[in-house]
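>>> Sequence first, predicted coordinates after that:
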Amino acid sequence: MIQGRLIGIDHGLVRIGLAVSDATGMVARELAIIKRKSKREDFALINRHAEQQGAVGFVVGLPSNLDLDPDIHTQADTVRHWVANFAGTTTLPIILWDEQMTSVDALEIARRQRRRSG
């Protein structure tokens, strides 16, 4: 795994969410929400944030829906295409991260953790 600060990217059709991790990669915080303009402008702004934060790589959330027919174009396909374009603008590594765990799953895990410690 990559060691150092990472920029997390939540690709959306209207906005792109950015987060930055600490150097251990264990804790992240919101960095920016970019209102999309053009790929060129968006990519330049993302790369500028990465440089300012001293990032060593990117993690891009890859939405997944296991219930869909494999022949249907999905948001994951859109994200993969976007990442392929973005990769041409940076020398930093890009990791696609499966977002299969939902917010509901994450909340349930957090509840269980509180019960164990409390």
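Great, that's in hand.
>>> so who does G12 touch?
R36 (CB atoms under 8 Å, 6 or more residues apart in numbering). No exception for glycine: its C-beta is placed from N, CA and C like everyone else's.
>>> now R29
19-20.
>>> give me that answer again for 10 Å
Remark: with contacts taken as CB atoms under 10 Å, 6 or more residues apart in numbering, R29 is in contact with 8, 19-22.
>>> tell me the secondary structure for the nearest residue to L62 once chain neighbours are set aside?
Excluding the flanking residues, the one nearest L62 by CB to CB, 6 or more residues apart in numbering is L96, at 4.6 Å. Applying DSSP: H, G, I helix; E, B strand; the rest coil to L96 yields a three-state assignment of strand.
>>> For L96, the count of nearby residues, please.
If you count neighbours by other CB atoms under 10 Å, L96 ends up with 14.
>>> Please determine how far it is located from T90.
14 Å (CB to CB, to the nearest Å).
>>> Pass me the low-pLDDT residue ranges in this structure, would you?
Under the criterion pLDDT under 70, the flagged ranges of the chain are 1, 65-70, 101-107, 115-118.
>>> residue ranges for the helices of it, please.
Here the chain has its helices, by DSSP state H, at 39-53, 75-87, 103-117.
>>> Tell me which of these lies nearest to L31.
Checking the helices of the chain against L31 by CB to CB gives helix 39-53 as the closest, at 6.1 Å.
>>> what sits against the residue nearest to L62?
With CB under 10 Å, 6+ apart, L96 has these contacts: 58-62, 76, 79-80, 83.
>>> who wins for neighbours among the residues you listed?
F58 (24 neighbours).
>>> coming back round to it: grab the two from the contacts of L96 that are most spread out in space.
F58 and A76 (16.6 Å).
>>> How about V79: what's its closest non-neighbour residue?
H11 (4.9 Å).
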